[in-house]
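Asks: Provide a 3D model corresponding to the input given below.
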Amino acid sequence: MSTKVKVAIIAGISILFFLAIYFGMMINYTNTEITMRKQTTAQQDVCRANYDKMFKTIVQVAQVPEQFVEKSKEAFKEIYPSLMEGRYGNDRGGALMSWVQESNPNFDMASVGKLYENVQIAVEANREEYFVEQKKLIDLQREHVTYIEKFPARFFLGDKEEVKITIITSTITEKVYDTGKDDDIKLFE
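Replies: You can find the predicted model right below:
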């Protein structure tokens, strides 16, 4: 075999080798980017579902104390007048003193307080859970952006845009970040 043929074969094998490496890297970077993009968009859906669950849980848990108070008031209104009339009607002497000395039905404020405490716990727990999911989403987006911008991935993924995410915030937070000031320190107004 002549030297020219040997050089041509070695050059051809080298070109095929580098093409194989190039296409292998392209496939690897593209597949990783697709995985990261899908993971980030899936986490956005998790955040949306979690927000929906949080909102519904808080609203429904908050309805329990209200219902309890209303039902208790209605039951108290129904039972108490007939109980008083039957027990301390006009035909008994000293009924007022007997009423003061006896134990009568009362409105259980401790139970109401416990129900409102459960609402507070539900709000805090659900908000914390949502915050954790939002942090995961932000981190996934950061990983994706870093991946597509770093070399050599950007060589293969130059046309890819970062995954757009929605972070739920509040008007107060936006105002604080716009102005750089947080002067609203009064808790109860």
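Asks: how about low-confidence regions in the chain?
Replies: 65, 67-109, 112, 187-189 (pLDDT under 70).
Asks: elements contacting the helix or strand hosting S111?
Replies: Under the criterion of DSSP states H and E, S111 resides in helix 109-149. Where contact means 3 or more CB pairs under 8 Å, 6 or more residues apart in numbering; DSSP states H and E, helix 109-149 is packed against helix 3-87, helix 153-157. The C-beta positions use only the backbone N, C-alpha and C, and glycine is treated the same way.
Asks: Pick the most buried one from these.
Replies: Mean neighbour count (mean count of other CB atoms under 10 Å) peaks for helix 153-157 among the helices and strands packed on helix 109-149, with a mean of 16.
Asks: before we move on, the earlier item: quick one, the helix holding S111 and helix 3-87 angle?
Replies: 170 degrees (axes from the mean of the first three to the mean of the last three CA atoms, to 10 degrees).
Asks: backbone phi and psi for D183, please?
Replies: Main-chain torsions, D183, degrees, to the nearest 10: phi -100, psi 0.
Asks: So it versus I172, what's the distance?
Replies: 11 Å (CB to CB, to the nearest Å).
Asks: In contact with the most centrally placed residue in the chain, which residues are there?
Replies: Residue closest to the mean C-alpha point of the chain, counted by CA atoms, centre = their mean, is Y130 at 1.7 Å. Applying CB atoms under 8 Å, 6 or more residues apart in numbering, we find Y130 in contact with 47, 50-51, 54, 168.
Asks: And D183 and I172? Which one has more around it.
Replies: I172 (10 against 7; other CB atoms under 10 Å).
Asks: looking at it, that one is touching D184, isn't it?
Replies: Yes - under the criterion of CB atoms under 8 Å, I172 makes contact with D184 at 6.8 Å.
Asks: With adjacent residues omitted, what lies nearest to A122?
Replies: Sequence neighbours aside, V61 is the residue nearest to A122 in space, at 4.3 Å (criterion: CB to CB, 6 or more residues apart in numbering).
Asks: The one you found against E117, yeah?
Replies: No - if you go by CB under 8 Å, V61 and E117 don't touch, sitting 10.9 Å apart.
Asks: measure the closest residue to E33 other than its chain neighbours to T57 for me?
Replies: Nearest residue to E33, sequence neighbours excluded (CB to CB, 6+ apart): L157, at 5.4 Å. L157 sits 40 Å away from T57, going by CB to CB.
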